[in-house]
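1. got a predicted structure plus its sequence, pasted below:
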Amino acid sequence: MAMPMPMPPPPPMWPMEPPAAGMPGMDMDMGMAMHATFFWGHRAQVLFNGWPGAGPRAGSGMYVLCLFVVLALAALVEALSAASKGLARRRPGATGATTFLISAVVVHAAKMALAYMVMLAVMSFNVGVLLAAVAGHALGFLLARTWALRRGSGGGATGVDDDAPRNGAAHAPSDSEAAEPKP
């Protein structure tokens with residue numbers, strides 16, 4: 001009985017040769033380093049290949065534009081979050097339930113898409129982008145809450161009675177209220 005011949009060992013996996021220049025999907029720009037730690041600088045790649053700029057033509061103007069875009073996206077996430085909370089407080093009529101549901105789904109989907117874009121921008125590990133995202137969320141929160149408070153101060157739009165005590169404070173009647181008899 002003949003013994004089968006043993007299989008030869010597989011070729012070594014290390015060191016690997018760099019991929020050929022013509023291979024599809026392997027056209028990475030080796031001049032642009034991927035960072036795994038936070039760094040400062042205007043030569044960053046945020047969201048898209050080559051944006052805000054790489055190479056010798058990369059200027060700080062495009063980087064500042066990138067920071068404003070990230071700030072605006074984060075502020076818009078907070079505005080959409082406030083809008084979805086406002087939609088959740090409304091009660092749809094029997095005929096508009098489907099329209100109400102579709103609008104709530106669209107607002108939620110837009111909010112999540114923008115939130116993921118901000119997350120991916122922060123994953124560039126650029127400190128300026130991180131600060132722009134945090135500032136955008138703070139600014140959006142401030143503007144959305146200010147708008148909600150101004151809108152709610154009208155009384156009738158939110159269904160809040162103006163005579164109701166707020167924050168646990170008792171309502172002290174004014175002189176004109178004390179003089180008038182209540183029906």
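-> Thanks, I have it.

2. what helices or strands is the helix ranked longest in the chain leaning on?
-> The single longest helix within the chain, with elements called by DSSP state H, is helix 60-89. Judged by 3 or more C-beta pairs under 8 Å, 6 or more residues apart in numbering; DSSP states H and E, helix 60-89 is in contact with helix 97-122, helix 127-152. To be clear about C-beta, it is placed using only N, CA and C from the backbone, and glycine gets the same treatment.

3. CSV for these, including distance to residue 6, mean neighbour count and mean pLDDT?
-> Compiled in CSV, the helices and strands packed on helix 60-89 are given as follows (distance: least, C-beta to C-beta, whole Å; neighbours: other C-beta atoms under 10 Å; pLDDT from 0 to 100):
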stretch, distance to residue 6, mean neighbour count, mean pLDDT
helix 97-122, 49, 15, 89
helix 127-152, 55, 16, 90
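
4. quick one, which of those gets closest to residue 39.
-> helix 127-152 (6.8 Å; C-beta to C-beta).

5. residue 130 and residue 96, how far apart?
-> 41 Å (C-beta to C-beta, to the nearest Å).

6. oh, that last question was meant for residue 141, not what I typed.
-> 29 Å.
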